[in-house]
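# Need coordinates for the below:
(one chain, ligands or ions: 1)
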Amino acid sequence: MDIWSYTQSGYREEDTVTNGNRFLVGNGYMGYRGTMDEWGKSEFAAVNLAGVYDQNGDKWREPVNAPNGLFAVLSVNGETVALGKTTAQKHTQTVHFRRGTHSRDTLFAPVRIRSERFVSMAEKHLLCSRLTLTFSEDCQAELLTGIVTDIWDINGPHLFNYTYQADSILLAEARTGELNIPVAAAQSVKAGFDCAEKRESTETGVYRRLSFNAEAGKSYVIDIFSAVFTGLDDKEPGKQAYSLCQKAAESGFESLLSAHRAAWEELWQNSAVELQGCDEAARALNASLYHLHSIAPRHASALSIPARGLSGQTYKGAVFWDSEIFLFPVFVHTEPELAKTLLRYRIETLPGALKKAAEYGYRGAFYPWESQEGGAEGCTDYNVVDVFTHRPVRTYFRDKQIHISGDIAYALWRYYEITGDLSLMREGGAEVILQCARFYLSRAHSRLDTDKVELLDVIGPDEYHERVGNNVFTNQMAAHCIACSLELPELFPDSSFFDDLIKKLDYEDDFNLLKKLLPLLRPAFEEGEIIEQFDGYLELEDCDLETVRGRLLDEREYWGTNHGVAAHTRIIKQADVIAMMALFPSQFSDKTVERNWRFYEPRTEHGSSLSSCMYALTACRFGQPDLAWEHFIKTASIDLEGGGKNWAGEIYIGGTHPAANGGAWIIAVLGFAGLSVLNGELTANPRLPSQIKSLRFPVTLRGKRVCVTVTHDGWTVE
Ligand code: IFM
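Sure, this is the predicted structure:
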């Protein structure tokens with residue numbers, strides 16, 4: 001088995017959507033779905049842009065898809081040749097993880113079409129594709145290629161007032177509807193043979209037709225380059241796109257590919273985990289890291305990663321807690337600069353969080369549950385559509401999932417703990433922590449009849465139980481955030497930085513109140529107890545998962561909300577108490593973790609791709625890595641298998657799964673190898689499952705790369 005690529009043979013129409021995700025190529029600036037060269041909007045071809053959003057009317061706000069400049073469809077003797085419409089005798093589609101490319105090889109009766117495509121890791125605005133056409137008979141061939149502007153959108157269209165230019169470089173320019181952001185795509189081609197060229201613009205884009213007399217047995221190579229710029233990159237995106245395409249054609253495919261491959265190779269040098277003992281797992285882990293690298297915002301200084309990466313507009317292209325809890329750990333250990341980029345996004349979007357808190361009548365920072373640019377809340381009050389009535393259902397993710405602020409504070413604190421670097425705290429991280437703590441201060445309820453302080457009416461990670469009281473995960477996150485805020489002064493003993501900040505935020509009284517609040521809010525746990533997920537959880541119906549699943553009337557039905565099948569039972573969507581234990585390992589004994597694991601795991605639907613990672617990690621911690629294995633495989637292979645849920649009620653939620661991709665690395669490195677880094681000091685505590693012989697992986701420590709090797713007999717570091 002080649003652990004550095006994944007190939008699918010044969011064509012099945014029903015795989016179109018999943019393959020678009022599975023075979024995605026990207027570079028953090030944009031993602032190109034794994035579709036055929038000749039496909040368009042009906043096959044969900046898309047060039048998804050990071051960080052550019054638009055709202056059409058009162059539809060959901062979502063990221064913008066750029067015009068597709070790699071489109072190319074062949075006609076042979078006047079007949080269009082297209083997968084899905086023309087019968088293919090053989091067809092394979094491959095994603096190459098190490099080189100960061102996509103390829104297809106399709107044999108139709110008159111022609112074999114091969115292509116190799118990449119979104120350049122060396123030049124963020126550039127997409128490249130090489131088409132090789134080999135004919136089995138002499139014929140008249142015509143390749144229609146150009147920039148398609150009639151593109152797939154879930155809640156679009158988003159681009160208006162197109163203008164086209166059709167000289168040797170094609171150019172399409174438009175503006176977004178809501179914020180009037182210019183978006184431009186250009187295309188150039190280089191054909192390695194003589195052909196006649198005609199150009200045209202139509203309602204669906206701007207094209208060129210390359211016609212030639214093809215000879216049987218001969219191969220014809222055409223290189224296509226497309227560049228995308230927006231008004232967020234440059235004042236004249238059209239000019240930039242045009243000139244980059246010109247340069248790309250001059251440089252040529254081979255040289256652009258080699259720069260791209262070198263950039264990918266460097267990423268792998270910093271991150272590849274060599275897993276010996278199970279090739280399938282090794283490949284799934286490579287696939288996971290491949291997907292993470294393809295969407296990591298290396299081009300920006302303050303940007304985060306949407307929950308479905310750059311695979312489309314699902315989940316409104318929004319950033320969730322996934323970034324801090326499932327992606328940040330990978331980057332802080334392998335590429336700390338990128339971890340900073342993710343966290344700077346939260347620092348920069350603090351104004352959005354302050355505004356959201358104020359809208360709900362609270363003080364401090366209440367971060368968006370689904371964060372878009374500038375910290376705009378993308379989550380709506382009606383985030384699910386009922387499959388029976390087709391009506392939007394009132395959901396409470398937006399207003400009640402208050403652990404989000406604590407999750408962000410948690411990651412900021414971890415960044416400091418792991419790296420010992422205070423720069424992020426100075427750059428605004430400390431202010432974020434203080435504002436998040438202030439939010440919990442204003443959100444907490446104190447009771448007059450007891451000295452208890454509570455967080456009522458919340459949703460924890462288990463979204464199937466809405467509006468519960470004292471979800472322990474939430475209380476623990478809030479308490480941790482407050483504890484961090486109280487520890488902040490110790491980080492700056494000799495400077496006026498902290499005092500100035502307290503003054504600026506008028507925080508003195510709050511600081512004193514937080515000192516009182518912390519012991520009242522912090523959950524207390526008894527050794528070995530089953531921790532109740534929220535008040536009253538243990539009084540809910542205790543039935544098994546299959547019983548609850550059997551109550552579904554429609555497989556797309558949403559399990560949560562008032563009427564959902566799980567809401568009145570102990571069946572939970574995803575790790576909740578166990579997620580807390582995974583994040584605070586020193587606070588729970590192995591015995592307590594194992595008891596709770598064995599209680600909650602059978603009651604967990606794992607309806608979220610975030611769930612298994614937490615169960616696997618904790619199983620390693622209590623010394624049962626074999627219990628973690630299945631969860632690891634499920635997490636790591638999610639995007640190869642096309643796993644995960646595709647529907648929440650009638651809302652499509654498919655795409656790639658960055659949190660699971662990060663989760664795969666977390667299980668391997670923090671779980672199986674038991675890596676822990678504190679203040680630049682590294683230790684490991686190997687817990688390898690029987691399927692794995694050894695793991696070898698790089699970690700970046702204070703700017704230096706060290707390599708850790710873990711076997712069943714111990715560990716070494718070079
Ligand atoms: O953040 C998650 C959430 O925990 C479960 N639903 C999907 C979201 C995005 O991945």
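
# tell me which parts of the stretch 251-400 of the chain are close to the ligand?
Within the stretch 251-400 of the chain, the residues that sit near the ligand (CB under 6 Å from any ligand atom) are 307, 315, 320-322. To be clear about C-beta, it is placed using only N, CA and C from the backbone, and glycine gets the same treatment.

# Name the member of those residues with the shortest distance to Leu289.
Asp322 (16.0 Å; CB to CB).

# Near that closest one, how many residues? Count them for me, please.
26 (other CB atoms under 10 Å).

# Same question for Arg33.
Neighbours of Arg33 under the rule other CB under 10 Å: 30.

# Show me the residues of the stretch 251-400 of the chain next to the ligand that map onto helices.
Asp322 (DSSP state H).

# Could you work out the most separated pair of the residues of the stretch 251-400 of the chain next to the ligand?
Spatially, the most separated pair among those is Tyr315 and Trp321, at 12.5 Å (CB to CB).

# Make CSV from the residues of the stretch 251-400 of the chain next to the ligand and add pLDDT to it.
Output for those, formatted as CSV (pLDDT from 0 to 100):
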residue, pLDDT
Ala307, 98
Tyr315, 94
Phe320, 98
Trp321, 98
Asp322, 98
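
# Contacts only, for Pro523.
Applying CB atoms under 8 Å, 6 or more residues apart in numbering, we find Pro523 in contact with 470, 472, 475-476, 479.

# how about a cut-off of 6 Å?
472, 475-476 (CB atoms under 6 Å, 6 or more residues apart in numbering).

# Could you confirm it falls within a strand?
No - assigned with DSSP: H, G, I helix; E, B strand; the rest coil, Pro523 falls outside any strand and is coil.

# Please list the residues of the stretch 601-718 of the chain that sit near the ligand.
The stretch 601-718 of the chain comes close to the ligand at residues 608, 610, 659, as judged by CB under 6 Å from any ligand atom.

# Point me to the residue of the stretch 1-150 of the chain nearest the ligand.
Asn21 (13.9 Å; CB to the nearest ligand atom).

# Can you get me a residue count around that residue?
For Asn21, the neighbour count with other CB under 10 Å is 25.

# Just the element for it, please.
Per DSSP states H and E, Asn21 falls inside helix 16-22.

# what about that helix, average pLDDT?
Over the span of helix 16-22, the pLDDT mean works out to 95.

# what's next to it, contact-wise?
33-35, 43-44, 311, 639, 642, 655-656.

# Closest to Ala302 out of the contacts of Pro523?
Nearest member of these to Ala302, counting by CB to CB, is Gln476, at 28.0 Å.

# Please name the nearest non-neighbouring residue to that closest one.
Closest residue to Gln476 apart from its sequence neighbours, by CB to CB, 6 or more residues apart in numbering: Met580 at 5.1 Å.

# Just read off the phi/psi values of the one you found.
Backbone torsions of Met580, given as degrees, to the nearest 10, read phi -60, psi -40.

# What residue in the stretch 601-718 of the chain comes nearest to the ligand?
Per CB to the nearest ligand atom, Ser608 is where the stretch 601-718 of the chain lies closest to the ligand, at 4.0 Å.

# Check the secondary structure at that residue for me.
Under the three-state scheme (three-state DSSP), Ser608 adopts coil.

# So it is in contact with Ile572, correct?
No - using CB atoms under 6 Å as the test, Ser608 is too far from Ile572 to be in contact (10.1 Å).

# Between those two, which is the more surrounded one?
Neighbours per residue (other CB under 10 Å) separate Ser608 from Ile572, with Ile572 holding more: 29 against 22.

# could you check the distance from Ile653 over to Asn383?
From Ile653 across to Asn383, the span is 10 Å (CB to CB, to the nearest Å).

# Likewise for Ser103?
38 Å.

# now Glu359
Noted for Glu359: a distance of 17 Å to Asn383, by CB to CB.

# Of the two, which one has the most company?
Taking neighbours as other CB under 10 Å, Glu359 and Asn383 compare with Asn383 leading, 25 against 11.

# Quick check: next helix or strand after the helix holding Asn21?
Downstream of helix 16-22 (by DSSP H and E), the next one is strand 25-26.

# Can you tell me the strand partners of that next one and which way each runs?
Counting by DSSP bridges, the strands paired with strand 25-26 are strand 30-32 (antiparallel).

# chain center to the helix or strand following the partner strand, what's the gap?
With elements assigned by DSSP H and E, the helix or strand that comes after strand 30-32 is strand 47-54. With CA atoms, centre = their mean, to the nearest Å as the basis, strand 47-54 stands 14 Å off its chain's centre.

# quick one, longest strand in this structure?
When the chain is parsed with DSSP state E, its longest strand is strand 219-230.

# so the helix or strand just after it versus strand 219-230, what angle?
Next helix or strand after strand 219-230 toward the C-terminus (DSSP H and E): helix 237-251. Using axes from the mean of the first three to the mean of the last three CA atoms, to 10 degrees, the inter-axis angle of helix 237-251 relative to strand 219-230 is 150 degrees.

# can you list the residues that contact helix 237-251?
Here helix 237-251 has contacts from 125-126, 169, 171, 173, 182, 184, 186, 188, 190, 225, 227, 229-231, 234, using CB under 6 Å, 6+ apart.

# and if you look at stretch 74-85?
The contact list for stretch 74-85 (CB under 6 Å, 6+ apart) reads 11, 36, 38, 106, 108, 110-111, 139-143.

# what's the spacing between the residue lying farthest from the centre of the chain and Asp194?
In the chain, the residue that sits farthest from the middle, by CA atoms, centre = their mean, is Asp138; the gap is 46.9 Å. Per CB to CB, Asp138 is found 16 Å from Asp194.

# Ile305 too?
Using CB to CB, Ile305 is found at 45 Å from Asp194.

# Those two: who's more crowded?
More crowded of Ile305 and Asp194, by other CB under 10 Å: Ile305, with 29 against 7.

# Let's see the pLDDT reported for the more buried one.
Ile305 is assigned 98 on the pLDDT scale.

# Trp268: how many residues sit nearby?
Counted with other CB under 10 Å, residues neighbouring Trp268 total 19.

# element containing it?
Assigned by DSSP H and E, Trp268 falls in helix 253-271.
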